[in-house]
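> For reference, the sequence and a predicted model appear below.
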Amino acid sequence: MKIPLEAVVQLLHESPQASLATLSQSLPGYPFASALPFAVDDTQAPVFLISRLAEHTRNLSGDARASLLIQTREHPQPEASPRLTLLGDATAFDPQPALIRRYLRYHPDAERYLNLGDFGFFRFVPRRMRLIAGFGQMGWVETEEWQQVLSLPLDMESELLKDCHPGNGLIGLDCYGMDKMMNGARERISFPRAVQPDQIRAMLVRLGLCQESGGRL
């Protein structure tokens, strides 16, 4: 089954947390899995914040290969719930300030961990992804396909968010939709179609969230 990139992006934005499996250093050859919050960067790559003392950090320092499981919110039948499994490499990196601000919009509580100075960012770069969207709806997304995903530069996202009407709960924008935080709950709103970065303002204007000429409303 041909998997549309929009379906993968949708799932990446719907769930605030994922299950990360790394290769154990204390028991070589065995996977070690646990849950952790994540957000995505401007290329739709998952990004997470981990303590330098965490088991995952120790494991990834020895072997960057990992797997990430992302599933939709609670479902009465877990086996029928849409889910995405990513296989790839998770490596530590120094994020630019705009990415840190983006991560904190999605996870405000993470600021206290950053202030401790003992936490670092990791980026998960997928090599293959398998999406299961329902019975008979499943397939793989290869690296070559994923490289075609549209990217909204972080500086453009910041400018658009500044120009949007205050109080609308927007925390993130991309070429496929927008994320809102209302009453502590995240909501994903997909665009009718994927748009190029220079077309996003027009989309927001049509939705009544932004003015055409730029500047705060």
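In hand now; what should we look at?
> roughly how far apart are V40 and P82?
Separation of V40 from P82 (CB to CB, to the nearest Å): 17 Å. Using the backbone N, CA and C atoms, a C-beta is placed for each residue, glycine as well.
> With S26 instead?
Distance from S26 to P82, counting by CB to CB: 33 Å.
> A64 touches F93, doesn't it?
No. Using CB atoms under 8 Å, A64 makes no contact with F93, being 11.4 Å away.
> quick one: which of those two has more around it?
A direct count of neighbours by other CB atoms under 10 Å for A64 and F93 places A64 higher, at 17 against 13.
> Not counting residues beside it along the chain, what's closest to that one?
Computed as CB to CB, 6 or more residues apart in numbering, the closest residue to A64 that is not its neighbour in sequence is D89, at 4.2 Å.
> Is that neighbour in a helix, a strand, or coil?
Of the three states, D89 takes strand under DSSP: H, G, I helix; E, B strand; the rest coil.
> what's the burial count for it?
When neighbours are counted by other CB under 10 Å, D89 registers 15.
> Give the bridge partners for it, please.
R65, V125 (DSSP bridges).
> where exactly do the helices run in the protein?
Here the chain has its helices, by DSSP state H, at 5-14, 55-62, 97-106, 111-116, 143-146, 154-163, 200-206.
> ok, and for the last one, which residues are buried?
Going by neighbour count (16 or more other CB atoms under 10 Å), the buried part of helix 200-206 is I200, R201, M203, L204.
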